[in-house]
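Here is my input; please provide its structure:
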Amino acid sequence: MRMLAVICVLLVSNLVSRAENEILALQPYGGFTKERLEVVRKGLKEAFGFEIAVLETRSLPEAAWHAPRQRYRAEKLLTDLDDKTPKAHRIVLGLTAKDISTTKGEHEDWGIFGLGELGGRTCVVSTFRLGARGADETKLRDRLRKVAIHEAGHVMGLDHCSTDRCVMRDAESSITTVDNETGKFCDACVTTIQAWRASDNP
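Numbering: from 1, shown residues only. As a prediction, this is how the structure comes out:
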């Protein structure tokens, strides 16, 4: 019995350690391919240096559906992600192949690549617009990696950056901006990320 108790304690300890190390979790929605999911997982791990959890695929929430434009509202997806994913993960990134949108300036429903809650917990990325300008799968995956890193950066408290080729540059709805990025953070953005990592925020 004592040996069994020790084994149980070790198993629980390993599970807790794993959850603590997996700061960021990916939430794939139905229709998002395993191959593209792996691109995001590897890209984020390389960018931030910590383990990435992959949650079980779920269906897109009906509450986020925007019938007039036949697409999903990104801010409602962020709410869904926050409500329905383990709180142990400080960041949850949703991934979908469907078109997403948000309100931008005078535009009530503006199609976007992704959306991140600045200093919050959730972000979402869509591949729907990443194939623009005849991009092949290799180009699309490179864009996907960069946009995922960008949106996760917002959650870590990074606003848009003016440094040339920094991954936090504002795409301004142009895929060309994404293509011109290095996929890396400038020194100032790295400092902000380090401060976020060291913070005690839940």
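
Would you map the helices across this structure?
Using DSSP state H, the helices found in the chain span residues 2-21, 34-48, 74-84, 137-155, 175-180, 187-198.

who does the most centrally placed residue in the chain bridge with?
Most central in the chain under C-alpha atoms, centre = their mean is Leu93, positioned 3.2 Å from the mean C-alpha point. Leu93 has these beta-bridge partners by DSSP bridges: Leu26, Cys123.

Thought Glu117 was touching Leu78, still the case?
Yes: between Leu78 and Glu117 a contact is recorded at 5.6 Å, counting by C-beta atoms under 8 Å. C-beta coordinates here come from the backbone N, C-alpha and C atoms, glycine included.

More neighbours: those two, which one.
Per other C-beta atoms under 10 Å, whichever of Leu78 and Glu117 has more neighbours is Leu78, with 23 against 19.

and that one, what pLDDT?
On the pLDDT scale, Leu78 is placed at 98.

again with Asn21
Predicted confidence (pLDDT) for Asn21: 60.

Can you give me the neighbour number for Tyr29?
For Tyr29, using other C-beta under 10 Å, the count is 22.

What residues does it make contact with?
Going by C-beta atoms under 8 Å, 6 or more residues apart in numbering, Tyr29 touches 57-60, 94-98.

top of those residues by neighbour count?
Ranking the contacts of Tyr29 using other C-beta under 10 Å puts Gly94 first, with 29 neighbours.

Now do the same contact list for the nearest residue in space to that one that is not next to it in sequence.
Closest residue to Gly94 apart from its sequence neighbours, by C-beta to C-beta, 6 or more residues apart in numbering: Val124 at 3.9 Å. Val124 makes contact with 74, 77-78, 81, 93-96, 100, 114-116, 151, according to C-beta under 8 Å, 6+ apart.

Distance-wise, check the closest residue to Ala64 other than its chain neighbours relative to Trp65.
Nearest non-adjacent residue to Ala64, counting by C-beta to C-beta, 6+ apart: Lys76, 3.7 Å away. Lys76 sits 9 Å away from Trp65, going by C-beta to C-beta, to the nearest Å.

what's the answer for Met168, then?
Distance of Met168 to Trp65, computed by C-beta to C-beta: 30 Å.

So these two - more neighbours on which side?
Neighbours were counted for Met168 and for Trp65 using other C-beta under 10 Å; Met168 has more, 21 against 14.

The more buried one against Lys184, yeah?
No: look at Met168 against Lys184 with C-beta under 8 Å: they stay out of range, at 9.9 Å.

thinking again about what came up before, spit out the residues that contact Leu78 and Glu117 alike.
In contact with both Leu78 and Glu117: Cys123, using C-beta under 8 Å, 6+ apart.

hmm, back to that, which pLDDT value goes with the residue nearest to Gly94?
98.
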